[in-house]
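K.L.:
sequence and predicted structure, then a few things I'm wondering about:
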2 protein chains.
Amino acid sequence: MRIQKIGGEAVNRLLATLPKNEYKRLLPSLKPVNLTFGEVLYEAGDIIKHVYFPTDSIVSLLAATPETSGLEVGMVGNEGMAGLPVFMGANVSPTRALVQGAGSAMKMTSANARLEANRLGSLHRLLHRYSHSLLAQVSQSSACNRFHSVDARLARWLLMTADRLNADGFRLTQEFMSSMLGVRREGVNKAAGALQAENLIRYSRGVIAILDRRRLEAKACVCYPLIKADADEYLN
Amino acid sequence: MRIQKIGGEAVNRLLATLPKNEYKRLLPSLKPVNLTFGEVLYEAGDIIKHVYFPTDSIVSLLAATPETSGLEVGMVGNEGMAGLPVFMGANVSPTRALVQGAGSAMKMTSANARLEANRLGSLHRLLHRYSHSLLAQVSQSSACNRFHSVDARLARWLLMTADRLNADGFRLTQEFMSSMLGVRREGVNKAAGALQAENLIRYSRGVIAILDRRRLEAKACVCYPLIKADADEYLN
DNA sequence: GACTGTCTGTGCGTTAACACACATACCCCG
DNA sequence: CGGGGTATGTGTGTTAACGCACAGACAGTC
């Protein structure tokens, strides 16, 4: 269950950028769905049956590693689409796609997505740009995961989540965050405790609120603005 | 200067997969070039003027971080193309592209590449698949960089380099490898020393030879076969 | 209002990789 | 053949994060 939902129309910005006539053509094949927290849209290696355009939900892309439950390498919100491999002519997902923020999305069958992918229209062009943006995001996260401290990465991750949920509060346990960041729960606890001590966030039993966005941004590494710039810019 | 060049035709496998007529159409805009070690094809943020199809050279993609000289997030050899953002409708490269293995490549202007990208031909389809494969590679490396030991990552990296150079020997200092792997030189020294002690590799003053491929693969993490599978498979 | 499960806090020993500081070894070139 | 530069080897602390082992603390339920 999500808490607070402040401002912000619940639209998928990628779809919203399409010219009207093209959007109308797509509309019949788009079905609104509710994504529930923890739902797995695809396991790594699964055949992709549907693509998803989140409106106020978040889908995490997790790379498989034998030792752990996976590491988040990308986050898909209302700026993008889950199931990009379909667009790229692949059937299977290389990563696990996990609903990390409950909310709504528009769903389309892979067959229909493939049809659209084979027309050189606006959707085609936008998905190309989005692929680029996602690649940039994954690249930057990679360096971030290697070099930056748990504290900085937690701050970045909270901000990215808030951006995509369009809300300053959400439900997520430390346990969950630890698996996204690829660190131990104790590590998250320490980092989150520090942030709370400085009144940047408040949390309790899986309910997190961002209290001071600006100062939280200062705690995050440069990766946050870098990734944000890419994600925001491509829709123009 | 490269040493040893055993077997293997020097072709770009992506281009080689194109149907004849399409390849002929491209040929006039493809110019063979020699890429020299250390050459920077693009800095992060640069406008991309040319795309490159390596034949027996390697281009490393490095994500920028303020603290370090960057971290390798992807490797482009004869299975791919450097300058993918052009294909995706972006002008600038999010990563630095550095020639990590000297050798030859085919070069094409971005303008021509863009023209081709706007035709729904085989090249378009192949570059789509390649984008997918690269995204998978970057995702997996990300997790690898987070979780696996320097030893395992060094082994993986040497194998990936050898695959793309089509040779079991090449010139690379520990200093250089350390910056690719995002670890200190001393760390590389320790890991490389261990591998040499077991007679898996031999090296001296920037000259490295792989002596026992099979056992070296055993030292690498699962990431190596995972990435290799993606890179090899997409060309079918 | 006790019971149970989940979420959070904390302490303690261990470890991989870090930073810095040299020592050595090899190659080329004048 | 004897420097000088580059590449490699090694030693001593330091640190961030790990693994494990519990101890509280709160929320819902019977």
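P.N.:
Alright, I've got the coordinates.

K.L.:
going by C-alpha atoms from here, please, whenever you check contacts or count neighbours.
P.N.:
Will do.

K.L.:
in the sheet, who's paired with the closest residue to A:Asn91 other than its chain neighbours?
P.N.:
Leaving aside its sequence neighbours, A:Asn91 sits nearest to A:Ile47 (Cα to Cα, 6 or more residues apart in numbering or on different chains; 5.4 Å). Per DSSP bridges, the residues bridged to A:Ile47 are A:Val92.

K.L.:
wait, isn't A:Ile47 in contact with A:Arg96?
P.N.:
No - with contact defined as Cα atoms under 8 Å, A:Ile47 does not reach A:Arg96; the gap is 11.2 Å.

K.L.:
more crowded one of those two?
P.N.:
The residue with more neighbours, out of A:Ile47 and A:Arg96, is A:Arg96; 23 against 17, by other Cα atoms under 10 Å in any protein chain shown.

K.L.:
and that one, what does it touch?
P.N.:
A:Val40, A:Leu41, A:Tyr42, A:Glu43, A:Ala44, A:Ser60, A:Leu61, A:Leu62, A:Ala63, A:Ala64 (Cα atoms under 8 Å, 6 or more residues apart in numbering or on different chains).

K.L.:
report the lowest-confidence entry in these.
P.N.:
Taken together, the contacts of A:Arg96 show their lowest pLDDT at A:Ala64, with 89.

K.L.:
that one contacts A:Thr95, doesn't it?
P.N.:
Yes - in terms of Cα under 8 Å, A:Ala64 counts as a neighbour of A:Thr95; the distance is 6.7 Å.

K.L.:
what residues does chain A have near DNA strand D?
P.N.:
A:His148, A:Ser149, A:Val150, A:Asp151, A:Gly182, A:Val183, A:Arg184, A:Glu186, A:Gly187, A:Arg205 (Cα under 7 Å from any atom of the strand).

K.L.:
next one: the second one from A:Arg184, what distance?
P.N.:
The spacing between A:Ser149 and A:Arg184, counted by Cα to Cα, to the nearest Å, is 13 Å.

K.L.:
all helices of chain A, in order?
P.N.:
For chain A, the helices defined by DSSP state H cover A:13-16, A:20-26, A:84-87, A:110-117, A:122-147, A:150-165, A:174-181, A:185-197, A:213-219, A:223-233.

K.L.:
can you redo these as JSON lines with distance to B:Glu116?
P.N.:
Shown next, in JSON lines, are those (distance: least, Cα to Cα, whole Å):
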{"stretch": "helix A:13-16", "distance to B:Glu116": "25"}
{"stretch": "helix A:20-26", "distance to B:Glu116": "24"}
{"stretch": "helix A:84-87", "distance to B:Glu116": "18"}
{"stretch": "helix A:110-117", "distance to B:Glu116": "16"}
{"stretch": "helix A:122-147", "distance to B:Glu116": "14"}
{"stretch": "helix A:150-165", "distance to B:Glu116": "34"}
{"stretch": "helix A:174-181", "distance to B:Glu116": "39"}
{"stretch": "helix A:185-197", "distance to B:Glu116": "48"}
{"stretch": "helix A:213-219", "distance to B:Glu116": "41"}
{"stretch": "helix A:223-233", "distance to B:Glu116": "25"}
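
K.L.:
so can I have CSV of these showing mean pLDDT, mean neighbour count and distance to B:Leu84?
P.N.:
Output for the helices of chain A, formatted as CSV (pLDDT from 0 to 100; neighbours: other Cα atoms under 10 Å in any protein chain shown; distance: least, Cα to Cα, whole Å):
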stretch, mean pLDDT, mean neighbour count, distance to B:Leu84
helix A:13-16, 95, 20, 21
helix A:20-26, 94, 13, 26
helix A:84-87, 96, 24, 16
helix A:110-117, 91, 17, 18
helix A:122-147, 95, 23, 8
helix A:150-165, 95, 21, 26
helix A:174-181, 95, 19, 28
helix A:185-197, 94, 17, 36
helix A:213-219, 95, 15, 31
helix A:223-233, 92, 16, 16
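
K.L.:
closest one to chain B among those helices?
P.N.:
helix A:122-147 (4.5 Å; Cα to the nearest Cα).

K.L.:
apart from its neighbours in sequence, what residue is nearest A:Tyr49?
P.N.:
Careful, residue A:49 is Lys; it's not Tyr. Per Cα to Cα, 6+ apart, closest to A:Lys49 is A:Ser110, 5.3 Å.

K.L.:
list the contacts for that neighbour?
P.N.:
Contacts of A:Ser110 (Cα under 8 Å, 6+ apart): A:Ile48, A:Lys49, A:His50, A:Val51, A:Val86.

K.L.:
next one: A:Gly101
P.N.:
A:Arg2, A:Thr36, A:Phe37, A:Ser57, A:Ile58, A:Val59, A:Leu165.

K.L.:
what's the most distant pair in the residues you listed?
P.N.:
Maximum pairwise distance in these, criterion Cα to Cα, is 14.6 Å, between A:Arg2 and A:Val59.

K.L.:
neighbour-wise, which of the two wins?
P.N.:
Higher neighbour count among A:Arg2 and A:Val59: A:Val59, with 30 against 16, using other Cα under 10 Å.

K.L.:
what's opposite that one in the beta bridge?
P.N.:
Here A:Val59, judged by DSSP bridges, has bridge partners A:Val76, A:Val99.

K.L.:
returning to that earlier point: which one of the residues of chain A next to DNA strand D is nearest to A:Val222?
P.N.:
Nearest to A:Val222 out of the residues of chain A next to DNA strand D is A:His148 (Cα to Cα; 9.9 Å).

K.L.:
ok, now how distant is the closest one from B:Ser179?
P.N.:
16 Å.

K.L.:
same thing with A:Arg185?
P.N.:
Distance, A:Arg185 to B:Ser179, using Cα to Cα: 30 Å.

K.L.:
swap in A:Leu226?
P.N.:
Using Cα to Cα, one gets 21 Å for the distance from A:Leu226 to B:Ser179.

K.L.:
sorry, back to before: of the contacts of A:Gly101, which is the nearest to B:Tyr23?
P.N.:
Closest to B:Tyr23 out of the contacts of A:Gly101 is A:Val59 (39.3 Å), distances taken as Cα to Cα.

K.L.:
sounds good, over and out.
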